[in-house]
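>>> Sequence first, then the predicted structure:
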2 protein chains.
Amino acid sequence: MNPPTDSSDALRARKSIERSVSMADVAKLAGVSGQTVSRVANGHSNVDATTRDRVLDAMKTLGYRPNVAARALRTGRSGSIGVIMFSLSTFGNRKTLDAIAMAAADEGYATTLIPILHPSQGAVSDAFVRLSEQAVDGVVIVIEAHVLDSAEIVLPAGLPVVIVDSDAGERYTVVDTDQYQGAQLATQHLLDLGHPQVWHISGPPSSFSAARRTQSWRATLEAANIVPPPVLIGDWSTTSGYELAQSLVARPEVTAIFAANDQMALGAMMAIHEAGREIPASISVVGFDDTEESGAFWPPLTTIHQDFVAVGRLCIDKLIAEIVGGHDTTGTTLVATRLVARSSTAPLGGTPH
Amino acid sequence: MNPPTDSSDALRARKSIERSVSMADVAKLAGVSGQTVSRVANGHSNVDATTRDRVLDAMKTLGYRPNVAARALRTGRSGSIGVIMFSLSTFGNRKTLDAIAMAAADEGYATTLIPILHPSQGAVSDAFVRLSEQAVDGVVIVIEAHVLDSAEIVLPAGLPVVIVDSDAGERYTVVDTDQYQGAQLATQHLLDLGHPQVWHISGPPSSFSAARRTQSWRATLEAANIVPPPVLIGDWSTTSGYELAQSLVARPEVTAIFAANDQMALGAMMAIHEAGREIPASISVVGFDDTEESGAFWPPLTTIHQDFVAVGRLCIDKLIAEIVGGHDTTGTTLVATRLVARSSTAPLGGTPH
DNA sequence: CCATATCATGTTTACGTGAACATGCAACAA
DNA sequence: TTGTTGCATGTTCACGTAAACATGATATGG
């Protein structure tokens, strides 16, 4: 049992762990008012050079660090940006998060991750509850917008938002890779190589990116007066690519496959290998993403490179503009992709490499 | 319903974007004091059931959300856990972060990402400055500890810390995959298949995991009375695996390669293919990580599976224990790996599959 | 010379919360 | 009855910061 201590020493010692240096401490040491310390800390101009140096010295001596909680309470700004996404399982999410975090750090913002445990309605709502409890100045949402619509989700009013992987450009600020252009590039590349038809392994329809890529693939074929074959609907995983491709490889007329991401392309290539057909001599394969590994697949995969760094940068730039500007904006900004031609594609009937 | 508004209407309207519902608003509506609202919000028991319901109703009506900044200022707890790591470029980092974020969310903590732009001394120090400016209750550091030592880094005193990828168990709480056991599993697997020697493509020496795997590989060979060949030092990338393996594949006596991660294993397999040798008939390859794709490599890669979910869970559990307990702990907790045998390994001189 | 503008700096206050302490009421024992 | 206990609830205050306002000193113009 703990009898109350007469002197506050014991408590002090225990609390001192958390106890940090405040403006008042700095002010005392520098012989100025707290307000002057505040001015120096925030880089205001109207402070005498001598005084400023004295304050800076005191800060350094005491190891002063501003208390963000107090600052956030006072100013309503937390210096933190929230990111809501399903788990980091997809390559795109992971790269996007990475790029956002880097760009945010660059601008002096921290990144608060608000993961969604499983893609259920309730879990998404939970994420927004957690979000509204966290002090964030803005949010980047990396979930297709229709999920937002279907859930009874209320974005805190006036909270700046940028959405990735969505077509909600009329209502929100949207930044994304130009999925349409990318898929066109992939499909056209195969057509240009002389393939009379291009089969497509798509991502899950719940993903806007996936739907958009499929749409573009279809349009590109139709523009070439080709009737698109049925879509094979995958779920981004190598396994799904493998299983779906198995139905294709037995048919000799299938000579070109466009997979909606590199992982499914990898799975498809595995099925092709197992069927004893040659890539690209017998079948050409194009992926989408350009992961770090795809250049080392066997054979090295022709794919669409996404510029995630640019996407992340734009997200943060637009978000900060909204935060500082104080008003919501709308509109869609797309980042172009480029085709990375490697050895998994060749002219119809052509030779590898 | 709405209380009559006074002359400050215009200002109010403009500010109302950020202006959120406070305890005072709830208190007024429920006809109680702010303190009672606080008690309800924090689940204290000494509130009459009737009163509690009235307050909860008012909260719901107004859409009350506690202000974390104010709470953090008052309590010294932010409900947020910081994660410091180099960019998400490695599979391990990415999975670890994912697991940490999930486990933290599960415990009601947000995850604040503090990325390090480039692995320079200054950048690491910067991260710690940003850290100390962010209100976090604890930190998970996913950087080898010797980097911490070499930089003039001061961890805020008393801040609970858990370190991943380190051997600093005597000074900190360390959670990690059992790298040693994993590398032993990999090496022994190849020896058990009858290979007289196992070559090793390692990760960068700056990584503790890499060093540890190399150490274990060497020890396992020595325990079998085999003199380890020179280590080939890679950098985790497929490219490095590819380039390093090229020097190996020309030598027929090389029949077994243990790469310190799946990406380098993939690169090595590419070099093997290009040299015209068969996997696993002519050379066996083992990786480390068990990425989502490795089962679809050609051939499917035998590798060491890491349980990142367990690592993340343990990080958070131990961190929260320190946060709640209020005292630092030390000690190392290792999570076991398991061998996933696929088709990239076979008995010496054996047949594929 | 004084009036006034200018600028560095100090003082007061409020942001929203929750701990500590105060109050008031009901139940109960003596 | 009256004091005592226990419990629900209210009041006061401080956390660290920065905006708003106040002050006092110096420079400038007529």
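The structure has been received and is ready for your questions. Numbering: from 1, shown residues only, chains lettered A, B, ... in the order given.

>>> Only C-alpha atoms from now on, for both contacts and neighbour counts.
OK.

>>> quick one: buried residues of the helix or strand where A:Thr51 lies?
Using DSSP states H and E, the element containing A:Thr51 is helix A:49-62. Along helix A:49-62, these residues count as buried under the neighbour rule (16 or more other Cα atoms under 10 Å in any protein chain shown): A:51-52, A:54-56, A:58-59.

>>> What is that helix packed up against?
If contacts are counted by 3 or more Cα pairs under 8 Å, 6 or more residues apart in numbering or on different chains; DSSP states H and E, helix A:49-62 sits against helix A:23-30, helix A:34-41.

>>> The first one to helix A:49-62, inter-axis angle?
Relative orientation of helix A:23-30 and helix A:49-62, computed by axes from the mean of the first three to the mean of the last three Cα atoms, to 10 degrees: 120 degrees.

>>> Helix A:23-30 vs DNA strand D: in contact?
Yes. Helix A:23-30 comes into contact with DNA strand D (Cα under 7 Å from any atom of the strand), by way of A:23-24.

>>> Show me what that helix is packed against.
helix A:34-41, helix A:49-62.

>>> and the longest helix for chain A?
helix A:308-325 (DSSP state H).

>>> Mind listing residues that contact it?
Residues from elsewhere that reach helix A:308-325 (Cα atoms under 8 Å, 6 or more residues apart in numbering or on different chains): A:92, A:95-101, A:103-104, A:137-140, A:160-162, A:173, A:175-177, A:328-329, A:335.

>>> Might you report the residue contacts of the residue nearest to A:Pro229 when sequence neighbours are not counted?
Distances taken as Cα to Cα, 6 or more residues apart in numbering or on different chains place A:Trp199 nearest to A:Pro229, at 6.5 Å, with adjacent residues excluded. Counting by Cα under 8 Å, 6+ apart, A:Trp199 touches A:228-231, A:254, A:256-258.

>>> which one of these is nearest DNA strand C?
Of all the contacts of A:Trp199, DNA strand C sits closest to A:Val231, with 51.2 Å by Cα to the nearest atom of the strand.

>>> Tell me which residues touch the closest one, please.
A:199-202, A:214.

>>> mind listing which of these are in strands?
Judged by DSSP state E, the contacts of A:Val231 include A:199-202 as members of strands.

>>> Reformat the contacts of A:Val231 into a markdown table and put distance to A:Leu319 and pLDDT next to each item.
Output for those, formatted as a markdown table (distance: Cα to Cα, whole Å; pLDDT from 0 to 100):
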| residue | distance to A:Leu319 | pLDDT |
| --- | --- | --- |
| A:Trp199 | 38 | 98 |
| A:His200 | 35 | 98 |
| A:Ile201 | 34 | 98 |
| A:Ser202 | 31 | 98 |
| A:Thr214 | 29 | 98 |
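
>>> Is stretch A:93-113 positioned near DNA strand D?
No. Using Cα under 7 Å from any atom of the strand, stretch A:93-113 stays clear of DNA strand D, coming no nearer than 13.9 Å.

>>> Identify each buried residue in that stretch, please.
A:93-105, A:109-113.

>>> quick one: secondary structure of A:Leu348?
coil (DSSP: H, G, I helix; E, B strand; the rest coil).

>>> hang on, it packs against A:Gly194?
Yes. Here A:Leu348 reaches A:Gly194: they are 5.5 Å apart, a contact under Cα atoms under 8 Å.

>>> circling back: what's the closest of the ones in strands among the contacts of A:Val231 to A:Val249?
A:Trp199 (11.0 Å; Cα to Cα).

>>> hey, what's that closest one bridged with?
Under DSSP bridges, the beta-bridge partners of A:Trp199 are A:Ile257.

>>> And the strands in chain A?
A:80-86, A:110-116, A:138-142, A:161-164, A:173-177, A:199-202, A:232-233, A:256-259, A:284-286, A:303-305, A:331-335, A:338-340.

>>> elements contacting the fifth one?
Pointing back at strand A:173-177 there. So strand A:173-177, by 3+ Cα pairs under 8 Å, 6+ apart, packs with strand A:161-164, helix A:308-325, strand A:331-335.

>>> any idea of the mean pLDDT for the first one?
Confidence over strand A:161-164, taken as the mean pLDDT, stands at 92.

>>> Between the buried residues of helix A:49-62, which sits nearest DNA strand C?
Looking across the buried residues of helix A:49-62 and measuring by Cα to the nearest atom of the strand, the closest to DNA strand C is A:Thr51, at 4.6 Å.

>>> Contact partners for the residue in the stretch 51-200 of chain A positioned nearest to DNA strand D?
Residue of the stretch 51-200 of chain A nearest DNA strand D, by Cα to the nearest atom of the strand: A:Pro66 (3.5 Å). Residues counted as contacts of A:Pro66 (Cα under 8 Å, 6+ apart) are A:22-23, A:41, B:133.

>>> Would you point out the most distant pair within the residues you listed?
Applying Cα to Cα across the contacts of A:Pro66, the maximum distance is between A:Met23 and B:Glu133, 13.8 Å.

>>> Which one's more surrounded, these two?
A:Met23 (21 against 17; other Cα atoms under 10 Å in any protein chain shown).

>>> Excluding residues flanking it in the chain, which one is nearest that one?
Nearest to A:Met23 is A:Gly34, by Cα to Cα, 6+ apart, at 5.7 Å.

>>> Let me know how buried the one you found is, in neighbour terms.
Neighbour number of A:Gly34 under other Cα under 10 Å is 17.

>>> Check what pLDDT it gets.
94.

>>> Grab the most central residue of chain A for me.
A:Thr96 (2.6 Å; Cα atoms, centre = their mean).

>>> re earlier: near DNA strand D at all, the helix holding A:Thr51?
No. Helix A:49-62 lies out of reach of DNA strand D by Cα under 7 Å from any atom of the strand, never closer than 10.4 Å.

>>> Now do that helix: distance to the chain's middle.
Averaging C-alpha positions (Cα atoms, centre = their mean, to the nearest Å) puts helix A:49-62 41 Å from its chain's average.

>>> Just the angle for it relative to helix A:34-41, thanks.
Using the same axes, to 10 degrees: helix A:49-62 against helix A:34-41 is 90 degrees.

>>> Need the residues that contact helix A:49-62.
Residues contacting helix A:49-62 (Cα under 8 Å, 6+ apart): A:21, A:26-27, A:29-30, A:32, A:37, A:40, A:65.

>>> Let's see that with 10 Å instead.
A:20-23, A:25-32, A:36-41, A:43, A:45-48, A:63-66 (Cα atoms under 10 Å, 6 or more residues apart in numbering or on different chains).
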